[in-house]
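Chemist: next one to model:
(chains A and B)
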Amino acid sequence: MTAPLLQAEKLVKRFPVRGGFLAEKRELTAVAGVDLEIFPGETLGVAGESGCGKSTVARLLTGLIPPSEGSVRYGGRELFAMNGEELAQYRREVQMIFQDPFSSLNPRMRVAQIIGEPLDIHGIGTPSERRERVARLMERVGLPPEALSRFPHQFSGGQRQRIGIARSLAVSPRLIIADEPVSALDLSIQAQIINLLQEVKKDLGLSFLFITHDLSVLRHLSDRIAIMYLGRIVESGSRDDVLSKQLHPYTEALLSAIPSIDPQKKSRHVVARGELPSPLSPPSGCPFHTRCPYAEAICSEERPELLEKEPGHRAACHFSNRIYRS
Amino acid sequence: MSPLLEIEGLCTEFAQKSGVLRAVRGVDLSMEPGETLALVGESGCGKSITAASVLRLVPPPGRITAGSIRFKGIELLSLSEDRMREIRGNRIAMVFQDPMTSLNPVFTIGYQVAEGLRVHRGLDKKQAEREAAAILSEVGIPAPMERMKDYPHQLSGGMRQRVMIAMALALRPELVIADEPTTALDVTIQAQILELLDRLMAEHRMGMILITHNLGIVAERADRTAIMYAGEIVESAPTAELFANPLHPYTQGLLASLPESGKPGEKLATFAGSVPDLKGEFTGCPFRERCPIGEERCTKHMIEMKEAGPGHLVRCLKAP
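Modeler: Sure thing, here's the model as predicted:
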């Protein structure tokens, strides 16, 4: 088996929270011990609802914020011990695509500057080589050449997302971390961007970490999937294992809550009860027990570990053997 | 039975410096009491403006320039503003997408839910409060007497949306217009809210116009579905029929572009080009430039709606 390109172990991120004037300082644990691996050429999809810590994981992996505990290893080297040339190389090889194509592009820069900026920062090529590369990237992502001298506001959401993708590809990355890259787009545009991401991945042999709340997008793009809930991964495995032989009740609830256009799927609604608990005061034991239809006494006392229940398929549930059978 | 709502030839325009934007271009719709009608389309297709027109709440400089909107036989477009206010909120209510911006941050939940009851029903403060608590508990808000003292920011997104629904339903309207009611919510909460709306609609036999871009929600919840494109309704049919047998190339394209329709990893169907500029005049089919089967004759004149099957209307020359 090949070595993982990137490996995170026991990642924890806590943020200080001020309750208000004179209120006691508290801590919010956004990520509570996440292990994950991304192998060369694969797409790992991470799904979960708002506040589950998926975006914090993305920011930790890009090195934008330091973790409170844990490690991220890239090519065998510890990310948070890197500096100088090593860190610059990491930042070249690991790129990010953001959700909001409106706020993630500098409105005062022309498209050519936006796409070329990573090349300038990393000092790659001569000015004429850079221009050449920017033109090729534009073509690659399906932007017309005349777009070069325009500003971001002159483009639609889908076109802007193409600019963001071209920018992330400029410095020949090996891993792209994409945080909800299609959620803000209309349906027909979403399909175009999904196709583009698939093409680039195939043509350039890239690895992807794809973060989304939309499981139908995830199913389309991922090789492996990890489901997060309140800062923890509750289930992970191959796409087909997680989506069709789920072992965690939260995955089951998430899947059954997705409205489907297929009339066959309508009947099975396992609606998770109640609300997402606050990450400021997560429930004792299993974080999902407050909403879980299978919960028993042990679930509020003992937190289940993320264990390998079947080859390559992990779940953190005391009763995972009951889920898929049901 | 007379229809609950009948819209005919509705046109809504926005006069801007750069020209007149024709956001809604001749919309016809009809719905029965207790029916859920889904209005589907991508951003800018005119679905929200159509809904705002029904309430006569088109934001300026928007103006309804033609057509007729009859609610239980009453022509809304010729009512005085006072009469319209009696209908708005009382007999036709609205649930908005974003409960954070449509609830007033400086009043308590209880005050806002009770307000409609005091204004439209003439209840006194105590009665209105009791009634409001009953409605909040009906929409699944635990400990409603306590929650009524809360301000909107103290509630979660899902709870705020329940409050919005409570406000809309407080006066038992005959028609509810829900504009993307669950788009801001997580999927497990979305499922809860949709179940709630379904149950309340059935119990009180209310009609609903459900505006959404989520085709999964439409397939599961709507009785009839109308697909809008560039200010026109291009196809409408009973929901099951529309999904099983889409006839307009735009509807077909939309369904095919869903990740759910494709095999994992395979290319999704897309259409080239973009929505036409709705400023100024143009003749013919608005979809023709992106249409895979478009022809010369599609550009010649306005395309008429034709009936392709029982209740299945489509605006395409090439549809059977």
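
Chemist: which residue is nearest the middle of the chain?
Modeler: Defaulting to chain A. residue A:211 (2.4 Å; C-alpha atoms, centre = their mean).

Chemist: oops, I was thinking of chain B
Modeler: Central residue of chain B (C-alpha atoms, centre = their mean): residue B:211, at 3.0 Å.

Chemist: and that one, helix, strand or coil?
Modeler: What DSSP: H, G, I helix; E, B strand; the rest coil gives for residue B:211 is strand.

Chemist: bridge partners for it, pull those for me.
Modeler: Beta-bridge pairing for residue B:211 (DSSP bridges): residue B:39, residue B:179.

Chemist: pLDDT score for it?
Modeler: As predicted, residue B:211 sits at a pLDDT of 93.

Chemist: residue B:45 is in contact with that one, correct?
Modeler: No: counting by C-beta atoms under 8 Å, residue B:211 stays clear of residue B:45, with 10.3 Å between them. In short, each C-beta sits where N, CA and C put it, glycine included.

Chemist: where in chain B is pLDDT low?
Modeler: B:1, B:99 (pLDDT under 70).

Chemist: need the nearest residue in space to the residue of it found nearest chain A, chain neighbours excluded.
Modeler: Nearest to chain A in chain B, going by C-beta to the nearest C-beta, is residue B:216, at a distance of 3.1 Å. In space, and not counting its chain neighbours, residue B:216 is closest to residue A:259: 3.1 Å by C-beta to C-beta, 6 or more residues apart in numbering or on different chains.

Chemist: just say helix, strand or coil for that neighbour.
Modeler: When classified by three-state DSSP, residue A:259 comes out as coil.

Chemist: phi, psi of it?
Modeler: Taking degrees, to the nearest 10, you get phi -70, psi 140 for the backbone angles of residue A:259.

Chemist: list the contacts of it.
Modeler: Counting by C-beta atoms under 8 Å, 6 or more residues apart in numbering or on different chains, residue A:259 makes contact with B:190, B:191, B:194, B:214, B:216, B:217, B:219, B:220, B:221.

Chemist: go again using 10 Å as the cut-off
Modeler: A:216, A:265-266, A:269, B:182, B:187, B:190-191, B:194, B:212, B:214-221, B:260 (C-beta atoms under 10 Å, 6 or more residues apart in numbering or on different chains).

Chemist: next: residue A:6.
Modeler: Residue A:6 neighbours (C-beta under 10 Å, 6+ apart): A:36-40, A:44, A:61, A:72-75, A:79, A:90, A:93-94, A:174-175, A:177, A:207, A:209.

Chemist: tell me how far it lies from chain B.
Modeler: Computed as C-beta to the nearest C-beta, to the nearest Å, the residue A:6 to chain B distance reads 22 Å.

Chemist: can you tell me how far that residue sits from residue A:100?
Modeler: According to C-beta to C-beta, to the nearest Å, residue A:6 and residue A:100 sit 25 Å apart.

Chemist: now for the top helix by length along chain B, which elements pack on it?
Modeler: Ranked by residue count, the top helix of chain B under DSSP state H comes out as helix B:187-204. Applying 3 or more C-beta pairs under 10 Å, 6 or more residues apart in numbering or on different chains; DSSP states H and E, we find helix B:187-204 packed against helix A:249-257, strand B:36-40, helix B:125-138, helix B:157-169, strand B:175-179, strand B:207-212, helix B:215-221.

Chemist: reformat those as JSON lines; add distance to residue B:254.
Modeler: Below are those laid out as JSON lines (distance: least, C-beta to C-beta, whole Å):
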{"stretch": "helix A:249-257", "distance to residue B:254": "22"}
{"stretch": "strand B:36-40", "distance to residue B:254": "8"}
{"stretch": "helix B:125-138", "distance to residue B:254": "35"}
{"stretch": "helix B:157-169", "distance to residue B:254": "26"}
{"stretch": "strand B:175-179", "distance to residue B:254": "19"}
{"stretch": "strand B:207-212", "distance to residue B:254": "12"}
{"stretch": "helix B:215-221", "distance to residue B:254": "7"}
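
Chemist: among the contacts of residue A:6, which lie within strands?
Modeler: Cross-referencing these against strands under DSSP state E gives A:36, A:37, A:38, A:44, A:72, A:73, A:74, A:94, A:175, A:177, A:207, A:209.
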